[in-house]
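Chemist: here is a sequence with its predicted model. Questions after.
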Amino acid sequence: MATSSETQPTNPTRELAAIMFSDIAGYTAIMGRDEQAALRALDAHRGTLRSLLPKFSGRLIGEIGDGTLCSFHSAIDAVNCAREVQAGAEGDPELKLRIGIHLGDVVFTNNTVVGDGVNVAARLHALAPLGGICISANVYDEVRNKPGTRAKDLGEKRLKNVSRPIRVYVLAAPQHSIVRSAESISGRKRRAALGAVGALALVALAYGLMRWRSLLPVAEQQSTAARQIRSIAVLPLDNYSGDPNQEYFSDGMTDELTTDLAKISALRVISRSSVMQFKGEHRKPPPEIAKMLKVDAVIEGSVARSGNRVRINAQLIDAPADKHLWANSFERDSRDVLALEDELASAVAKEIEVQLTPDEQARLTTASTVNPTAYDAYLKGRYFFDRMDDESLKQALAQFEETIRLDPRFAPAYSGLSDVYVFAGFNDELITASEAIAKARAPAEKAIQLDDSLAEGHASLAVFRAVSEFDWTGSESEFRRAIALNPSYAYAHDQFGYLLANEGRFDEALAENKRAAELNPLSMVVASDMALTLGWQGKYEAAREVARKALDLDPTSFETVWLSGWIDVEAGQLSDAIPKLQKADAMEPPPWVTAWLGYAYGASHDRTHAMAMIEELNKRSLHGYVAPFNPAIIYLGLGDRERALDGLEEAYAAHSQWMLWLKVDRIFDPLRSEPRYITLLKKLNLGK
């Protein structure tokens with residue numbers, strides 16, 4: 001890219017220069033909405049820049065539409081100037097700047113500059129968040145050791161019309177910048193420049209815009225009229241707090257914004273676990289994300305926290321077209337962080353013209369205050385809970401308990417606490433199922449008591465009623481309530497599907513599985529649960545196809561490896577199942593994986609290896625709890641019905657969650673005529 005010149009170049013000079021490119025985010029949209037506001041923003045930006053350039057020995061090379069191109073003798077001067085430019089724009093809702101800086105070889109001629117350094121700077125600015133500054137590795141090397149310099153490495157990026165990959169960094173804002181007054185160094189200059197703009201200026205601006213548009217990619221030249229947006233993904237918000245240990249906070253804010261938007265019934269909102277796969281260096285271009293998640297739009301941005309202030313910068317992008325639609329900043333005291341999240345969700349809904357029901361409007365405008373330290377602990381709890389291993393669940397448990405200690409009326413923490421107990425009890429290693437059930441009910445009920453509109457609370461109670469009380473009707477009622485409150489709650493759809501499948505209501509279960517997959521398309525857990533439904537339904541090839549997707553999503557998980565073997569067991573193909581179950585058992589899984597391998601050995605008449613698996617479980621019981629369900633299915637594989645029934649009765653008494661499988665899993669077929677088994681089904685409320 002280069003600035004234009006109507007004359008032939010003369011006296012060209014080659015220099016090493018720091019090139020800074022800046023533009024106003026969403027300028028075309030502002031122009032379409034309010035021409036005067038657009039012109040005022042443009043004038044303010046240029047006025048600020050002109051006043052600052054002499055201070056940093058900078059040179060204005062060109063003004064193209066809403067973009068400006070400047071050169072500096074040093075990278076440090078360019079960065080310092082960019083920071084003051086951004087500081088000067090704070091407090092102006094129409095003036096959200098993006099700046100890119102590159103240090104490279106350029107050629108100056110006739111007040112025009114050309115060269116690779118210009119191209120890189122122009123492309124870098126498009127990667128910057130609202131109010132942010134992107135720099136190349138060349139610039140970073142020059143400023144990295146300067147006081148106050150903090151930057152996030154975005155990895156190597158391939159930039160349009162740049163032959164080699166460029167490593168890109170985002171500069172973190174100085175800590176004081178998110179709490180400073182809206183008055184900036186250029187405030188008085190900007191206000192002085194807000195006079196009338198005549199027709200001549202408007203014509204010049206239109207000409208500049210046409211020239212600028214001719215340099216943009218085709219996707220950016222399309223009409224700014226937003227097509228209907230009814231599906232959206234909140235991409236991981238970047239952590240601009242300057243502390244990598246604050247990642248849990250930015251991840252948590254991503255999750256909470258997703259939850260708020262998911263309350264809008266007219267929107268399909270992609271679940272957190274799918275969007276988190278685009279975090280950091282794994283971020284992909286919006287069109288690619290749109291294709292993978294099947295969404296109309298994405299929200300991207302950053303979150304910064306300093307002292308008792310929290311700021312979120314966000315922009316809405318038409319993802320298939322990779323076209324900026326809207327941007328804004330939201331800042332509040334940390335006690336009002338819930339209101340900040342609701343305010344942002346409401347602003348997005350207004351921008352895309354989605355109709356809110358009265359209940360949805362109420363839920364997005366009635367946020368209460370929260371103890372900031374308690375909320376911090378809650379976000380840490382969710383961060384650890386999403387990892388799902390026993391050690392992370394232990395940390396999640398501690399964080400939710402700390403949240404409740406600090407703020408006993410914060411309902412989501414009780415829901416989180418109940419979820420931890422239920423999931424920890426599944427593996428019987430952190431706590432037993434009996435211990436989990438004894439502790440899971442009260443917090444789920446407390447969450448609803450505090451906030452009956454909390455979808456998470458109703459889903460937590462639904463899961464508890466199914467796995468502990470075998471109250472299928474009560475569980476279904478709570479799931480339906482959770483989904484009514486949050487139609488895009490993938491977890492509720494997924495777990496409701498699992499409940500329906502356990503009852504043998506496979507078509508209904510599959511509908512919920514598919515809805516969960518639409519909302520969380522990159523979730524290994526959701527894919528695995530759909531494979532279970534298909535396997536129980538006897539659709540083995542379809543189950544294998546979904547299981548392969550689960551394995552592709554997480555090839556390191558013992559669960560996805562086990563799942564493939566389990567489908568072979570269901571299909572009666574034991575010789576195919578055993579190698580897969582052996583592989584899963586070698587990945588240091590919980591005891592139930594060993595048990596399923598033992599079943600496969602026994603059912604294939606390999607008594608020696610089956611008994612070896614029982615011995616392995618006995619050894620593990622010396623160091624931790626092994627649920628009676630596990631040896632029971634090995635005895636079932638060996639054909640020892642009495643010992644299998646003994647173990648299942650013990651498992652029922654111990655509240656094993658595996659008992660939910662008794663009605664639908666084919667391995668129990670040899671027991672279905674046994675009176676003791678029929679009695680068990682009745683106790684589980686799964687009998688006739």
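Modeler: On my side now, so go ahead. These numbers come from a predicted model, not from an experiment.

Chemist: what sits against the residue nearest to Ala266 when sequence neighbours are not counted?
Modeler: Using CB to CB, 6 or more residues apart in numbering and skipping residues adjacent in sequence, the residue nearest Ala266 is Val354, 4.8 Å away. For every residue, glycine as well, the C-beta is placed using N, CA and C. The contact partners of Val354, by CB atoms under 8 Å, 6 or more residues apart in numbering, come to Ile229, Arg230, Ile264, Ala266, Leu267.

Chemist: how many neighbours does the fourth one have?
Modeler: By other CB atoms under 10 Å, 14 other residues sit near Ala266.

Chemist: let me know the secondary structure of it.
Modeler: Put simply, Ala266 is coil when judged by DSSP: H, G, I helix; E, B strand; the rest coil.

Chemist: for it, grab phi and psi.
Modeler: In terms of degrees, to the nearest 10, the main-chain angles of Ala266 are phi -80, psi -10.

Chemist: that one and Ile232, how far apart?
Modeler: Counting by CB to CB, to the nearest Å, the separation of Ala266 from Ile232 is 11 Å.

Chemist: returning to what we had before: what subset of the contacts of Val354 is buried?
Modeler: Neighbour-count burial (16 or more other CB atoms under 10 Å) is assigned, among these, to Ile229, Ile264, Leu267.

Chemist: would TSV of those with distance to Leu16 be doable?
Modeler: Below are those laid out as TSV (distance: CB to CB, whole Å):
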residue	distance to Leu16
Ile229	45
Ile264	52
Leu267	50
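
Chemist: nearest to Tyr540, of these?
Modeler: Nearest to Tyr540, judged by CB to CB, of those is Leu267 at 35.7 Å.

Chemist: Asp296 versus the closest one, what's the distance?
Modeler: Distance of Leu267 to Asp296, given as CB to CB: 10 Å.

Chemist: and Ser329, by the same measure?
Modeler: Counting by CB to CB, the separation of Ser329 from Asp296 is 23 Å.

Chemist: what do you get for Glu351?
Modeler: Glu351 is 13 Å from Asp296, by CB to CB.

Chemist: just Asp333 next, same as before
Modeler: With CB to CB as the criterion, Asp333 and Asp296 are 33 Å apart.

Chemist: comparing those two, which residue is more hemmed in?
Modeler: Taking other CB under 10 Å, Asp333 and Asp296 do not tie; Asp296 has more neighbours (20 against 14).

Chemist: residues contacting the residue nearest to the more buried one when sequence neighbours are not counted?
Modeler: Excluding its sequence neighbours, the residue lying closest to Asp296 (CB to CB, 6+ apart) is Ile229, at 4.4 Å. The contact partners of Ile229, by CB under 8 Å, 6+ apart, come to Asp296, Ala297, Asp318, Ile352, Val354.

Chemist: okay, and which of the residues you listed map to strands?
Modeler: Of the positions in these, Ala297, Asp318 sit in strands, assigned by DSSP state E.

Chemist: closest to Trp536 among the contacts of Ile229?
Modeler: Proximity of these to Trp536 (CB to CB) peaks at Asp296, which lies at 34.7 Å.

Chemist: count of neighbours near Arg672?
Modeler: Arg672 has 11 neighbouring residues, counting by other CB under 10 Å.

Chemist: should've said Glu331
Modeler: Using other CB under 10 Å, Glu331 is surrounded by 17 other residues.

Chemist: likewise Ala542?
Modeler: 17.

Chemist: cool, and the one 4 residues further on?
Modeler: Other residues within reach of Val546 by the criterion other CB under 10 Å amount to 24.

Chemist: for Arg332, same thing?
Modeler: For Arg332, the neighbour count with other CB under 10 Å is 17.

Chemist: and what of Tyr169?
Modeler: 24.

Chemist: next one: it from Ile289, what distance?
Modeler: Distance of Tyr169 to Ile289, computed by CB to CB: 22 Å.
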